[in-house]
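In: need a structure here:
(one chain, ligands or ions: 3)
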Amino acid sequence: MIISKIPVLSKIPKAAVDEPVIYLIAPHFDLSQLSMTKPETAYAKSCIDNEDKLISVNSYYKWIYIVVVSEHNDKATLYETMRNQAFELCQQVIKNKFTCVNIVDLYSEEGIAAAFAEGLILSAYKFNKYFGDKDKKEISLTTVHVVSNKLTDMDVEKLNIVCSSVYVARDIVNEPLSHLNAHKLAVTIQEVGKAAGFEVEVFDKQRIEALRMGGLLAVNRGSVDPPSFSIMTYKPANAINEKPYVIVGKGIVFDTGGLSLKPTQGSMDSMKSDKAGAAAAVGIMYAIAKAALPLYVIGLVPATDNRPGENAYAPQDIITMYDGTTVEVLNTDAEGRMILADALAYANKYNPELVIDLATLTGAAVVAVGTIAIAAMGNNKEAISELHISGMQTRERIVELPLWEEYGEQIKSDFADIKNVGGRWAGSITAGKFLEHFTNYPWVHLDIAGTAYLDSSDKYRGKAGTGSGVRLLFDFFTRKCAE
Ligand code: BES
Ligand code: ZN
Ligand code: ZN
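Out: Ligands and ions are numbered 1, 2, ... in the order given. Just a heads-up that it's a prediction; the model follows:
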């Protein structure tokens, strides 16, 4: 199993005396209530007067941290501040090699301790399995204890699930092609299914050929490894939906661009991340099954690498897709839409309630909304507005781009039903228009090209794979259960 160990969160009645303690307090909290010496209290007070938000007191027998919770009218912003403060604190935890910390919630308002614990656990993630040096491999934080009367056992369980699902997604994104080709991705999905309790069926190349998934096969032609198509099914007896929710994830295990080769620097050299949509789909399935949400959900992951091998698909090729549509390929680097189109057309057989696809689909999405937001498109206003709410809550915010008819002009082809690239402008939207062609059910497309993989660290989202989409969709599906 490729999944990293995650620090375990649990609720305890009282912090252990000899372990590091993190107090969460309001700005005007009476510091004399904390078990500190007079000079320590005076020091902490002077820091707070100085508007410091994170104070560390190296008491003679243990470490004490004080986190001052800021005042915010908007809860979602306050929670995000807590996650970010937890990141700052995690830097200290790592530096001091603490294996266990105690969060003592003296602020005592709903959601505060939970957001802080979430930020701390997400900040503690490291992808260090390939270091030879044992020191670098060691995970420092293994246990997070919380003392809080506002944190329920359910909150603890949910947080453990959400954070481990993000870890699952990050691990899949961070694994390089040398260790995770399309076949190994399918094997990993089977392992995750076993661990979480959902069914997995994997189609091999022969089956994919028999199904005539022309898009997936075309992209795979330049590769030495066969493609895979994984189907994850979670169908609990108490499911509240008859028609399934289907999650589709782009599983390009590495994107060289194919014959339309990418330049290396700043372009190809982060493309192990092109399976982040697949990673998110697996992470979400893991979360839903672990949390035993009463939902019938299916996950589809078409997977291959995109390479310029000797039989590679070429510009001007015409490909017949799974649903019979003919596609003129004008850029082999627009491969994500080729494999997603087959998966989206395949999703139709489930008569789905809603299909959500996640994909690192276009560089244009990064240009449009940067690394802090997801570009969303689709034909279902209700789902998009619900995702907007979940996005604000989890800080995995979405920005909707339109799929107006005029944009469709750009993918008209002289020789086939459609072509796989549009013109110079609105690249994320023309990609969305391409996908739309293969959908005839309620559908939302999430282009996570900007958020899925970070070249430099961004607080608790970390560096490299972020697990983008997992917390967003888990919130979205949790709300579905409460409707
Ligand atoms: N995987 C890339 C998109 C991407 C770019 C993801 C940057 C993350 C960061 C995708 O397959 C691709 O190459 N798209 C092309 C499409 C173009 C050829 C129409 C792009 O965005 O340049
Ligand atoms: Zn590409
Ligand atoms: Zn790609």
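In: what packs against whichever strand or helix holds A113?
Out: Counting by DSSP states H and E, the element that carries A113 is helix 112-123. Judged by 3 or more CB pairs under 8 Å, 6 or more residues apart in numbering; DSSP states H and E, helix 112-123 is in contact with strand 21-25, helix 75-95, strand 100-105, strand 143-147, helix 153-174. Just so you know, the C-beta spots here come from the backbone N, C-alpha and C atoms, and that holds for glycine as well.
In: quick check, distance from the first one to the centre of its chain.
Out: Put simply, strand 21-25 sits 29 Å off its chain's centre (CA atoms, centre = their mean, to the nearest Å).
In: What is the neighbour count of the residue in the stretch 151-300 of the chain that ligand 2 sits nearest to?
Out: Residue of the stretch 151-300 of the chain nearest ligand 2, by CB to the ion: D255 (4.4 Å). Neighbours of D255 under the rule other CB atoms under 10 Å: 26.
In: now the one 4 residues further on
Out: The burial metric for L259, expressed as a neighbour count using other CB under 10 Å, is 19.
In: need the contact list for it.
Out: By CB atoms under 8 Å, 6 or more residues apart in numbering, the contact set of L259 is 222, 308, 312-315, 332.
In: Relative to ligand 1, which of these is nearest.
Out: The nearest member of these to ligand 1, counting by CB to the nearest ligand atom, is T332 at 8.3 Å.
In: Contacts only, for the closest one.
Out: Going by CB under 8 Å, 6+ apart, T332 touches 219, 222, 257-260, 306, 308, 312-315.
In: wait, isn't the residue of the stretch 151-300 of the chain closest to ligand 2 in contact with D269?
Out: No: the pair D255 and D269 does not pass the contact test of CB atoms under 8 Å, sitting 11.0 Å apart.
In: sorry, back to before: right, so the helices and strands packed on helix 112-123: which one is the most enclosed?
Out: When those are scored by mean count of other CB atoms under 10 Å, the highest mean neighbour count falls to strand 21-25 (a mean of 25).
In: Is there proximity between the longest strand belonging to the chain and ligand 3?
Out: Longest strand in the chain, counting residues (DSSP state E): strand 297-306. No: contact of strand 297-306 with ligand 3 (CB under 5 Å from the ion) is absent, the minimum separation being 6.4 Å.
In: picking that back up, neighbour-wise, which of the contacts of L259 leads?
Out: With neighbours taken as other CB under 10 Å, the top of the contacts of L259 is T332, carrying 27 neighbours.
In: That one - that's part of a helix, no?
Out: No: residue state for T332 (DSSP: H, G, I helix; E, B strand; the rest coil) corresponds to coil; a helix is not indicated.
In: Not counting sequence-adjacent ones, nearest residue to it?
Out: Nearest residue to T332 in three dimensions, chain neighbours excluded: G258, at 3.3 Å (CB to CB, 6 or more residues apart in numbering).
In: Got phi/psi on the one you found?
Out: phi 70, psi -150 (degrees, to the nearest 10).
In: Next, count neighbours for it.
Out: Count around G258 with other CB under 10 Å applied: 27.
In: hmm, back to that, which one of the contacts of L259 is nearest to V444?
Out: V444 has its nearest neighbour among these in T332, at 26.7 Å by CB to CB.
In: Quick check: the gap between the closest one and V301.
Out: As judged by CB to CB, to the nearest Å, T332 and V301 stand 21 Å apart.
In: Who are the contact partners of the residue nearest to T332?
Out: 219, 222, 306-308, 312-313, 332-333, 335.
In: Swap in 10 Å and give it another go.
Out: Neighbour list for G258: 218-219, 221-223, 305-309, 312-315, 329, 331-335 [criterion: CB atoms under 10 Å, 6 or more residues apart in numbering].
In: got a pLDDT number for it?
Out: pLDDT, G258: 98.
In: can you check V101 too?
Out: Value for V101, per-residue pLDDT: 96.
In: mind checking how far the nearest residue to it once chain neighbours are set aside is from G119?
Out: In space, and not counting its chain neighbours, V101 is closest to P20: 5.0 Å by CB to CB, 6+ apart. P20 sits 16 Å away from G119, going by CB to CB.
In: higher neighbour count, these two?
Out: When P20 and G119 are compared for neighbours, G119 comes out ahead with 25 against 22, by other CB under 10 Å.
In: Can you give me every residue that contacts the more buried one?
Out: Contact analysis of G119 by CB under 10 Å, 6+ apart lists 79-90, 163, 459-460.
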